[in-house]
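> I would like to see how this sequence folds:
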Amino acid sequence: MRATWFIGTWLMPFGFLYSDFVRFRKFLYRINVLKTQRLPVPVIVVGNITVGGTGKTPLLIALAKLLQDQGFKVGIISRGYGGDAEVRLVTANSDAKQVGDEAVLIAKQTACPMAVAPLRVEAGKLLLAHADCNILLSDDGLQHYALHRDIEIAVIDGERRFGNGYCLPAGPLREPIPRLNSVDFIVVNGAKTEDREYTMQIIGDTAVNLVTSEQKPLAEFSKASKLNALAGIGNPDRFFKLLSDAGLTFTAHSFPDHYDFSASDINFNSTVLMTEKDAVKCLDFATAQHWFVPVIATLETAFTESFLSLLREHYVR
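Purely as a prediction, here's the structure:
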């Protein structure tokens, strides 16, 4: 902890420079030196102001299902992190090496038409040219000002919050904390601390076999004599905590976010639990010992009501 504090303090001047650059770049968009493009349907951005996992993907999936239940024709666009940086349509059967692991997971969970591109505007244009969508959800992209957005939702990790409060590289912030004053909604993955925040809980109590698709209550794995767990996500500790809270004892293996797994990475001669995001990259070489734990985001009723109310305003305008 002391070493982290020392490094953050030493890098603080660079964090200030980064913060100034972010503000100047946003100013250029405001005065139209850099251009923002508006797509012909409302765009909702779900993102964060910190690096690392905050729970953004489960929230986006929950919003997609909420909007579908309300009768909207939902399309999803993303940068496609971990993919090959091409403009592509995405399906549940797409290659994660081409479109990114999160994109495959989102397409699988929502069954929504989806596209990825380095520039989300291009992803939106491609998707609208090939699918009948009347609303778009942007996976991440809070800092992608080239795309006009009608609603912004920022996700915060309730445990880590904003770290030391510094911008990159001195701290975890992509943008200064006051950026949250301009978003429409702040959703906290965990316990909220401010009145304007809404809580979100991540639930996962079932495991699914990668080969047979068999499902088991997660608690049953507490009987395993030997258990390994792996996670290549932004915040692996959150996944390991979910397993610990279910009463499981295991050996944890952390990998970098968007890690490109091989068979040797997941073979431990024992039962293995992993995240669903990691599972989409391991299907080709998984065995019956491999299970993934799907999670869902549960949202406050107050949030869904306020969100749908604001969205209807954009459709009236």
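> Strands along the stretch 151-300 of the chain, start to end?
151-157, 185-189, 197-203, 206-209, 215-217, 227-231, 251-254, 271-275, 290-293, 296-299 (DSSP state E, counting those that start in this stretch).
> Compare the ones you listed and give me the one nearest E313.
Nearest to E313 among these is strand 151-157 (9.6 Å), distances taken as C-beta to C-beta. All C-beta spots, glycine's among them, are computed from the backbone N, C-alpha and C.
> Render the CA-only coordinates of the closest one in PDB, please.
Provided in PDB are the C-alpha atoms of strand 151-157 (Å, rounded to 0.1, in the frame of the first residue of the first chain):
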ATOM      1  CA  ILE A 151     -28.100   9.700 -22.000                       C
ATOM      2  CA  GLU A 152     -24.900   9.000 -20.100                       C
ATOM      3  CA  ILE A 153     -24.700   6.400 -17.300                       C
ATOM      4  CA  ALA A 154     -21.500   6.200 -15.300                       C
ATOM      5  CA  VAL A 155     -20.700   3.000 -13.300                       C
ATOM      6  CA  ILE A 156     -18.600   3.100 -10.100                       C
ATOM      7  CA  ASP A 157     -17.000   0.300  -8.200                       C
END
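> Could you list the residues in contact with it?
Contacts to strand 151-157, defined as C-beta atoms under 8 Å, 6 or more residues apart in numbering, come from residues 42-50, 52-56, 59, 63, 142, 162, 179-180, 182-190, 197, 200, 235, 238, 307, 310-311, 314.
> what is the mean pLDDT for whatever helix or strand K65 lives in?
Per DSSP states H and E, K65 falls inside helix 56-69. Helix 56-69 shows a mean pLDDT of 97.
> Run through the helices of the stretch 101-250 of the chain in chain order.
Using DSSP state H, counting those that start in this stretch, the helices found in the stretch 101-250 of the chain span residues 101-110, 120-130, 236-245.
> Which of those has the highest mean neighbour count?
Highest mean neighbour count of the helices of the stretch 101-250 of the chain: helix 101-110, a mean of 25 (counted as mean count of other C-beta atoms under 10 Å).
> Just the angle for it relative to strand 271-275, thanks.
90 degrees (axes from the mean of the first three to the mean of the last three C-alpha atoms, to 10 degrees).
> Tell me the gap between helix 101-110 and the middle of its chain.
Relative to the chain's own centre, helix 101-110 is displaced by 11 Å; criterion: C-alpha atoms, centre = their mean, to the nearest Å.
> before we move on, back to that, can you redo the helices of the stretch 101-250 of the chain as JSON lines with mean pLDDT and distance to A229?
As requested, the helices of the stretch 101-250 of the chain are exported to JSON lines (pLDDT from 0 to 100; distance: least, C-beta to C-beta, whole Å):
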{"stretch": "helix 101-110", "mean pLDDT": "96", "distance to A229": "18"}
{"stretch": "helix 120-130", "mean pLDDT": "96", "distance to A229": "33"}
{"stretch": "helix 236-245", "mean pLDDT": "95", "distance to A229": "6"}
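> With A263 as the reference, name the closest of those.
helix 101-110 (16.8 Å).
> rewinding a little: which among the contacts of strand 151-157 count as buried?
42-50, 53-56, 59, 63, 142, 162, 179-180, 183-190, 197, 200, 235, 238, 307, 311 (16 or more other C-beta atoms under 10 Å).
> which residue sits closest to N209, ignoring its sequence neighbours?
Nearest residue to N209 in three dimensions, chain neighbours excluded: W291, at 5.4 Å (C-beta to C-beta, 6 or more residues apart in numbering).
> So that neighbour versus H314, what's the distance?
Noted for W291: a distance of 41 Å to H314, by C-beta to C-beta, to the nearest Å.
> can I assume K97 is in contact with D84?
Yes - between K97 and D84 there is a contact under C-beta atoms under 8 Å: 6.9 Å.
> Distance-wise, check the residue with the largest distance to the centre of the chain relative to S270.
The C-alpha centroid of the chain is most remote from S225, which lies 33.0 Å away (C-alpha atoms, centre = their mean). Distance, S225 to S270, using C-beta to C-beta: 8 Å.
> if I read this right, A302 contacts Y198, doesn't it?
Yes - A302 lies in contact with Y198 (C-beta under 8 Å); the separation is 6.5 Å.
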